[in-house]
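Q: coords please:
(2 chains)
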Amino acid sequence: EDKVVQSPLSLVVHEGDTVTLNCSYEVTNFRSLLWYKQEKKAPTFLFMLTSSGIEKKSGRLSSILDKKELFSILNITATQTGDSAIYLCAVESTGEETSGSRLTFGEGTQLTVNP
Amino acid sequence: GAGVSQSPRYKVAKRGQDVALRCDPISGHVSLFWYQQALGQGPEFLTYFQNEAQLDKSGLPSDRFFAERPEGSVSTLKIQRTQQEDSAVYLCASSLAWGGVQYFGPGTRLTVT
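A: Numbers count the residues shown, from 1 in each chain, chains lettered A, B, ... in the order given. Down below sits the predicted model:
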């Protein structure tokens, strides 16, 4: 059974701090790993990672994938109160008996940034 | 459209009632997915469509759950004889092609009393 584990589950920091969120996975037929940010609405897409060792960056956020060790990290530098949200890690895999694909999500990391 | 839309945003049903949840994907997106998100958990896969074909329904928790996408665009998730354990947020996502980034709608929060 496909499995995605995120840590920590909860994190409280002060504005300006740097945080690192972790995601480890065990899936068959891996295609990609995605990070989403979820506030009180739809998960919004942050990054899609398919290759090891290539860092993706968007402003203060960056992420990298290690396909050998089966994990990914999401870094947020100079955190702001608007970064407070649940960060979801998901792994895309293909079904063995179908031509479809699906996302398997971790529980998420609840990040709270205090002023 | 600008994004994935879902309706209703909130639904309260009495145990035993049938409900229908609607998803309008981003225009032109071939793939459509339904997920169920319980409180404090990550979303869990329910079913996947490629155009009008339902290619994977292995995540549907029981035969009370049924999904369709008859014209390859709008999709409906139907739950018959709702039970309290069906209470959750139901998320719809679409992607341009197989294996592309999935973009999520705001979800329908279903509460079964």
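
Q: all contacts plus neighbour counts: C-alpha atoms, from now on.
A: Will do.

Q: interface residues of chain B facing chain A?
A: By CA under 8 Å from any CA of the partner chain, the part of chain B that sits against chain A consists of B:33, B:40-45, B:48-50, B:55-56, B:91, B:98-99, B:101-107.

Q: Show me what from chain A comes close to chain B.
A: A:31, A:41-45, A:48, A:88, A:92, A:98-108.

Q: if you set the cut-off to 10 Å instead, what comes out?
A: A:4, A:31-32, A:34, A:36, A:40-48, A:86-90, A:92-95, A:97-110 (CA under 10 Å from any CA of the partner chain).

Q: Any of those residues buried? List them.
A: A:4, A:31-32, A:34, A:36, A:42-48, A:86-90, A:92-95, A:100-110 (16 or more other CA atoms under 10 Å in any protein chain shown).

Q: same for the lowest-mean-pLDDT helix or strand in chain B, what does it pack against?
A: The helix or strand of chain B with the poorest confidence is strand B:53-56; it has a mean of 92 (mean pLDDT, DSSP states H and E). With contacts taken as 3 or more CA pairs under 10 Å, 6 or more residues apart in numbering or on different chains; DSSP states H and E, strand B:53-56 sits against strand A:101-105, strand B:31-37, strand B:44-50, strand B:65-68.

Q: what about 6 Å?
A: strand B:44-50 (3 or more CA pairs under 6 Å, 6 or more residues apart in numbering or on different chains; DSSP states H and E).

Q: partners of residue A:4 in the sheet?
A: residue A:25 (DSSP bridges).

Q: my guess is it contacts residue A:106, does it?
A: Yes - the pair residue A:4 / residue A:106 is scored as a contact, 4.8 Å apart, by CA atoms under 6 Å.

Q: what are the phi and psi angles of residue A:53?
A: Here is the backbone geometry of residue A:53 (degrees, to the nearest 10): phi 80, psi 0.
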